[in-house]
Structures are given as structure tokens and as C-alpha cells.
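In: Structure for this input, please:
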Amino acid sequence: MISKIISTSTATPEYRYNSGEIIEHIKKWVKNQPESYQKKVVKIFEGAQIDQKYSILPIEKIFSPMTFEEKNNHYINAVIDLGAKVLDDALKKADLEAKDIDYIITTSCTGYMIPSFDAYLINGFNFKQDIQRLPVTEMGCAGGAAGLIYADHFLKAYPYKNVAVISVEIPSITFQYNDFSIDNVVGSAVFADGAACAILGPTTKFAPEIIDTQMHHFSNTTDILGFNLTNSGFKVVLSEKVPDKIIEYFENTMVPFLARNNLAIKDVNNLIFHPGGKRITLMIQDFMNEFGKELTESKEIMRLYGNMSSATVLFILDRFLNKNIRPDDYGLILGFGPGFAAQSLLLRWH
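Out: Numbering: from 1, shown residues only. Next up, the predicted model:
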């Protein structure tokens, strides 16, 4: 049997707010700022093209002062709860039990805990005691794609084993109440909470196989994307250079990646791209228009959920696993994250 992506699952926390509700709270937050600044902030939220977002806390709590300790305690409780939900669902879809999993990979960059949340899942699900663990904590939005790459590497060495990749992100608690910088505004306009899981292993079912993977590091770009750790929690860093770096990747790195598999962009029908934000999505779509390709699912996930960091690409992948894909169709997973780095996976359905 060939190792494939057997199942996926997604989950969101209990609180859901539409863009209008969020903007009303933003207006209250900036009411004592200069009028020109208030208009700019509202314009950023209106232009994000996100209809709704989910959060682990009521919106009144999000837009209030919280200590780092308080935020992080909320994070710990939420990642364990949401991680358990998506893992349980994905196992059921794959017709597997926890004892069947040999390797657990978890990705999360929006809080801090030792031990990482995989340890709690291992106890809660009674995994076997010799299970291998890999918590991925500093790869940001690229974490979900990177987790799949690490799973693929493991399965190439141990083709009859099973892997669970679990991504849980709680960006809502990274909002800085006393920080009126544009980075903080853009981060709160774009990011949202969510969780997803993928199970990989040997199967005869029709599913995507990972054909090839690639990690690409952009030299001297550590300052363009990430978090700074402050006394009030994680402070987002978002440089205007990010979109240009992404387009640079498409032109100089993705094309050769496909070429080494005797493919071109025109041959790939299923694009599973992390959308990032409006500007990034538009730039990628402009590039793809030349080849008649659409980022339909990426745009839709962004519109309905926002940017859930490492979990986002798994949300998009879940959509494709529930579509009628033609046999031998190719797919391309792409995620970007701090470093600055890009993670790519080539899939083939069969």
C-alpha cells in the first residue's frame, strides 16, 4: 500500500463574529485616536474581505487589556480542547484508533506551553507509549505545510506507519490592546482562531499521495514576518516586503520545483495555497491568471474564517479532500512563514 493523506478535519471555537460586529468594536478601541487614524483603521478592516471570524473568547474580552499570563492560560486550554476535537474527528474519518498512530506532529505559534499540547493529547487518547512526537512551534503560517512535509519524510522511512498532523492556532489573543501600530491593526484584521488535523498513512482508498516536497529559505529576511515577545504577549511583525518575496518564490523557485517533476503550472489543477491576506492573494491570483488558474478555495477559506496561521492550509486541503477530484490530477500545497521561508508539496490523487 502507498502512504497518502487519508483524512482531514477542521474545527473552530464557539464565538463567531461578522465583520460588522468586529468593526464596531474596533471603532470603540480607536475612538480616542486622531480622526485620520480612525478612518485608516476602519478601512483596513473593511478591505480585508473577511466576512466572519472565530475566537476562543467573547469579543469584549479580546478588545480589553490582558496580561501575557492571562492570554497564555486561555491559549493552553483552547489548544488542548480544539486539538482533541480535530484529532478525534480525523481518526474516525480514517477508520483508525489512537493506538494506530506512530508519529504525532503538532504545529502552533500563537502561545507557549511546556510540555507542548501533543503530550496532553497522548494522555487523553491513550496513545501507545512509544509514539514519536514533533512539536513545531516557530514556523508560523508555514507550519501546517511543514508538518505535512515532516510526515512525508517519516513515511518514506517507515511506509507502513501512520502519522497525525495537528495544527491549532489562537491568534486572537495576540491582539495588543495598548499598541496602535499598523502591524497590530493588520494582524487583528486578518488573523483568526482555528484548528485542523490530517492523518497520513498506507491506504488503498482514492486519496492524494505526496509526490515531492520542497523547503525554501529566503536569505536575510528574518525581520519581515514573525512575533516579538513583549511583556503583554506576542506582538506581530508584518513587513510590506512579504508579498514581493512570495512572488519572487513563484517566479524563481516554484517553477523549477514543478519542472523537476516534469510538470508546469498549467498541469496542476488543485491549488492549495495559504492566502495570507488580501494583497498577497491578489498578487498570487494575478500571477496565476496567466495560466488560467483560480485560487477559489483559498479565497473562500479566507472569507469565511480569516487567516488561521498554520491551520489555514489544512482547512483548504480539507475542502479538496471533499471534492470530486479526477484520478491522476495533481495538487500543489504552498505555505509561507517566518524565516522567511516557503514550504511546498506536490500531490497526485489516485
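
In: Domain map for the chain?
Out: For the chain, whose domains are defined here by automatic domain parsing, the residue ranges read 2-203, 208-349.

In: Can I take it that Thr160 is in a helix?
Out: For the record, residue 160 is Tyr, not Thr. No. Read with DSSP: H, G, I helix; E, B strand; the rest coil, Tyr160 is coil and lies in no helix.

In: which stretch of helix or strand covers the nearest residue to it once chain neighbours are set aside?
Out: Closest residue to Tyr160 apart from its sequence neighbours, by C-beta to C-beta, 6 or more residues apart in numbering: Pro202 at 5.6 Å. C-beta here means a position set from N, CA and C on the backbone, and glycine is covered the same way. According to DSSP states H and E, Pro202 maps onto strand 194-203.

In: Tell me the buried residues in that strand?
Out: Gly194, Ala195, Ala196, Cys197, Ala198, Ile199, Leu200, Gly201, Thr203 (16 or more other C-beta atoms under 10 Å).

In: what residues does the next helix or strand after that strand touch?
Out: Reading on from strand 194-203 to the C-terminus, the next helix or strand found by DSSP H and E is strand 208-217. Around strand 208-217, the neighbours that count as contacts under C-beta atoms under 8 Å, 6 or more residues apart in numbering are 2-5, 146, 148-149, 152-153, 200, 249, 253, 257, 260-261, 320-321, 325, 330-331, 339-350.

In: Any buried residues in strand 208-217, and which?
Out: Pro208, Glu209, Ile210, Thr213, Gln214, His216.

In: After the longest helix belonging to the chain, which helix or strand is next? Please name it.
Out: With secondary structure taken from DSSP state H, the chain has its longest helix at helix 68-94. Where DSSP H and E defines the elements, the next helix or strand beyond helix 68-94 is strand 103-107.

In: mind listing the helices for the protein?
Out: Using DSSP H, the helices of the chain run over 19-29, 35-46, 59-62, 68-94, 117-125, 143-157, 182-190, 242-249, 255-259, 278-289, 296-305, 312-321.

In: want to throw the ones you listed into a markdown table with mean neighbour count, mean pLDDT and distance to Ile101?
Out: A markdown table is the format used below for these (neighbours: other C-beta atoms under 10 Å; pLDDT from 0 to 100; distance: least, C-beta to C-beta, whole Å):
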| stretch | mean neighbour count | mean pLDDT | distance to Ile101 |
| --- | --- | --- | --- |
| helix 19-29 | 16 | 92 | 37 |
| helix 35-46 | 14 | 90 | 40 |
| helix 59-62 | 16 | 93 | 34 |
| helix 68-94 | 20 | 96 | 8 |
| helix 117-125 | 18 | 96 | 8 |
| helix 143-157 | 23 | 95 | 11 |
| helix 182-190 | 21 | 85 | 33 |
| helix 242-249 | 17 | 71 | 33 |
| helix 255-259 | 14 | 89 | 30 |
| helix 278-289 | 16 | 78 | 34 |
| helix 296-305 | 20 | 92 | 26 |
| helix 312-321 | 26 | 96 | 17 |
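
In: closest one to Asp100 among the ones you listed?
Out: helix 68-94 (8.0 Å; C-beta to C-beta).

In: Between helix 117-125 and that closest one, find me the angle.
Out: Interaxial angle, helix 68-94 versus helix 117-125 (axes from the mean of the first three to the mean of the last three C-alpha atoms, to 10 degrees): 50 degrees.

In: what's next to stretch 252-268, contact-wise?
Out: Under the contact criterion C-beta under 8 Å, 6+ apart, stretch 252-268 has outside partners 211-212, 214, 216, 288, 291-293, 330-332, 334, 342, 344, 346.
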